[in-house]
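> What shape does this take:
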Amino acid sequence: MAGELTVGEVAKRSGVAVSALHFYETRGLIHSHRTSGNQRRYARDVLRRVAVIRIAQDVGISLADIANAFASLPDGRTPTREDWSLLSTAWRHDLDHRIDQLKKLRDGLTDCIGCGCMSIDKCPLRNREDRLARQGPGPQRLLVKD
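Prediction:
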């Protein structure tokens, strides 16, 4: 079929390794068909799917969440501009949460983080007698609560 791409062409155009494309295909994120010579062929719109996967992964969206988002599209279509707007909006809360967590981590790295170690000179002042342990496990000063 005219306009179809080989796996090598998709890899070159998308900047994704052939092995990654094969992996995405096994996870159901992209689809190909086989020629009579058993070679993979992709429709050109696979480039948009791969771009969405790369962008989503770059901001920390899991492949499982990406697959769920793709599954929500009518007839498994490649995301349109409107679809992308809906998908990215759905991921926004999680991204905002991660951004808040990273800011707290960045701002608190040199201070008591509330982990209970009590080994930094500011720990007894900021977390007297490890009172933050009552709030739960982990570094309580860095955890962002919803």
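
> buried residues in the helix or strand of the chain with the lowest mean pLDDT?
When the helices and strands of the chain are compared on mean pLDDT, DSSP states H and E, helix 123-126 comes out lowest with a mean of 80. Neighbour counts using 16 or more other Cβ atoms under 10 Å place residue 123 of helix 123-126 among the buried residues. Yep, even glycine has a C-beta here, placed from its N, CA and C like the rest.

> now it: how far from the chain's centre is it?
Taking the mean of its C-alpha atoms, helix 123-126 sits 36 Å from the chain's own mean (Cα atoms, centre = their mean, to the nearest Å).

> And for stretch 121-139?
Put simply, stretch 121-139 sits 32 Å off its chain's centre (Cα atoms, centre = their mean).

> With just CA atoms, put it into CSV.
Coordinates of each C-alpha in stretch 121-139 appear next as CSV, following Å, rounded to 0.1, in the frame of the first residue of the first chain:
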residue,chain,number,x,y,z
ASP,A,121,21.3,19.2,63.2
LYS,A,122,18.0,20.7,62.3
CYS,A,123,16.0,17.5,62.8
PRO,A,124,15.5,18.0,66.6
LEU,A,125,14.2,21.5,65.9
ARG,A,126,11.9,20.7,62.9
ASN,A,127,10.8,17.2,64.0
ARG,A,128,11.2,17.0,67.8
GLU,A,129,11.1,13.4,69.0
ASP,A,130,10.2,12.3,65.5
ARG,A,131,6.6,13.5,66.0
LEU,A,132,6.1,13.4,62.2
ALA,A,133,6.1,9.6,62.5
ARG,A,134,2.5,9.9,63.7
GLN,A,135,1.5,11.2,60.2
GLY,A,136,2.7,8.0,58.5
PRO,A,137,5.8,6.4,57.0
GLY,A,138,8.4,8.0,54.8
PRO,A,139,9.7,11.6,54.6
